[in-house]
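Engineer: sequence-free structure coming up:
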């Protein structure tokens, strides 16, 4: 016999089996939702080509990442809408609604015509589907975490809820395996043409399985008790955010834990993948496989750190992971460059690239309208090519009016003065410059793509595993901590909002923001300042204001 979480009734073996069903059913259903959500991120390159082909390549990819981030942007609104429903109506029924929205939206992406077929309607409809997914996910996570925590023994909440924390990685892992499987089965050409749709389409089967699983569950005992006693909240939004006593903890949870957890998570899983594909020029299949191996090796540590947080507390593990991330990201990504593309690392060391140009004549290398070809000044011509090539460069200020010069080691390439050229003359001059610069980069040892034979795959997996280990530290205990911070009558609403602002906004916009920072500066590591500074800020705020929660009674 073990003690019931409400402390007044013994719990026998049959009930323990029920706890296992709760964890398994909640976790498996959430895995499928994360699978749906992450497919888009994994297939961003293909989606960029299919739905954003009307803009230049660099802008198109950033647009694709922005549409990926749009799903994260609306997650806090989903948290408010579904959190309120979950606190008023119940945890279980809210699960079913969010799952249906997620599954149907994902299936619809697989059927969506491309930009070439229906023009601007394609990216607009795609964006609507991403927004629907984001709203659904905003209501899913808080419900799953709350539901499991309210079934868990008091001294095992970290362990029990850590299974929910594995679902995001398992969902990503499942999506990786499906994408890898279809790529190998169909071949790269067929997959790029139409095969990328299949992982979206098969999600309809996962939706059916997930709905069946969730229908087997009963309501949370804590919510059922409140419902029976008539003590559920009649206005959870007002109680959660309209009263300073609770709003204060929402803000502390966001700034002192969740925003750091979010950037560590998305750097370790998504930014690392995009970095390998777009910056290191590693082929997508190899990058997916190496990420999948690293995640498989790291995933058990979600459970370990959840269990450990039941012993020593949530706060030291979460803040420790944020501190380690802030310290280690720059050396880890530098090491990743050496392991993933040793030719590129050697070229950067032996023949560093600089662009000598007047800053006032250089545009920010991202066009929100999507029509700028960056061919109006010599600086733009030079930087546009470098942004497309993914080669890191430094900026050196030059006198106003002087043409931009790209230096590859000791060799210089002068960009054409595009402002004085028009029509075919401009096109020919830019093409000649690009051809010469391309040849110069190749001569200096800069590879167009990572050489598969030279990739140190063991080292890449080890570095990716180290990044994923930081994810397990910050993410494993976070659900238990959020559940314990807030009273049961407004728990779903209160914990969902800081979680989804942190992960939806600070985390979800990380790839877009980081790559835009890289495009603007030319330094392939510059985007890392985004997670480093946010993780460091979380450590400071958390140390000063975040309470330890692991011994709290959550039945009140």
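Structural biologist: Cool, the structure landed. For clarity, every value in this text was computed on a predicted model and none was experimentally measured. Numbering: from 1, shown residues only.
Engineer: quick one: the helices in the stretch 401-550 of the chain?
Structural biologist: With DSSP state H, counting those that start in this stretch, the ranges of helices along the stretch 401-550 of the chain come out as 423-443, 457-475, 478-485, 491-501, 510-521, 529-545.
Engineer: show me the contacts for the spatially most central residue of the chain.
Structural biologist: Per C-alpha atoms, centre = their mean, the C-alpha nearest to the average position across the chain is that of residue 266, at 3.9 Å. Residues in contact with residue 266 (C-beta atoms under 8 Å, 6 or more residues apart in numbering) are 503, 507-508, 510-511, 531. All C-beta atoms are positioned from the backbone trio N, CA, C, and that covers glycine.
Engineer: tabulate the helices of the stretch 401-550 of the chain (JSON lines), appending mean neighbour count and mean pLDDT.
Structural biologist: Formatted as JSON lines, these follow (neighbours: other C-beta atoms under 10 Å; pLDDT from 0 to 100):
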{"stretch": "helix 423-443", "mean neighbour count": "15", "mean pLDDT": "91"}
{"stretch": "helix 457-475", "mean neighbour count": "22", "mean pLDDT": "97"}
{"stretch": "helix 478-485", "mean neighbour count": "28", "mean pLDDT": "92"}
{"stretch": "helix 491-501", "mean neighbour count": "29", "mean pLDDT": "84"}
{"stretch": "helix 510-521", "mean neighbour count": "22", "mean pLDDT": "84"}
{"stretch": "helix 529-545", "mean neighbour count": "19", "mean pLDDT": "97"}
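Engineer: let's see the pLDDT reported for residue 2.
Structural biologist: At residue 2, the model reports a pLDDT of 34.
Engineer: my bad, should have said residue 555
Structural biologist: pLDDT, residue 555: 71.
Engineer: burial count for it?
Structural biologist: Using other C-beta atoms under 10 Å, residue 555 has 15 neighbouring residues.
Engineer: that one falls within a helix, correct?
Structural biologist: No - per DSSP: H, G, I helix; E, B strand; the rest coil, residue 555 lies outside any helix segment and is coil.
Engineer: now it: how far from residue 496?
Structural biologist: Going from residue 555 to residue 496 by C-beta to C-beta, to the nearest Å gives 19 Å.
Engineer: one more: residue 35?
Structural biologist: In this view, residue 35 and residue 496 are 21 Å apart by C-beta to C-beta.
Engineer: related to what we said a few turns ago, for residue 245, find the nearest of the helices of the stretch 401-550 of the chain.
Structural biologist: helix 491-501 (11.2 Å; C-beta to C-beta).
Engineer: for the closest one, the distance to its chain's centre please.
Structural biologist: 18 Å (C-alpha atoms, centre = their mean, to the nearest Å).
Engineer: tell me which helix or strand of this structure sits lowest on mean pLDDT?
Structural biologist: strand 2-3 (a mean of 34; mean pLDDT, DSSP states H and E).
Engineer: quick one: which of the helices of the stretch 401-550 of the chain is nearest residue 415?
Structural biologist: Of all the helices of the stretch 401-550 of the chain, helix 423-443 comes closest under C-beta to C-beta, at 5.6 Å.
Engineer: what does the closest one rub up against?
Structural biologist: 347, 353, 375, 381-382, 385, 389, 391, 406, 408, 411, 413-416, 418, 421, 448.
Engineer: mark which of the residues you listed are buried, thanks.
Structural biologist: 347, 353, 375, 381-382, 385, 389, 391, 406, 408, 413, 415-416, 418, 421 (16 or more other C-beta atoms under 10 Å).
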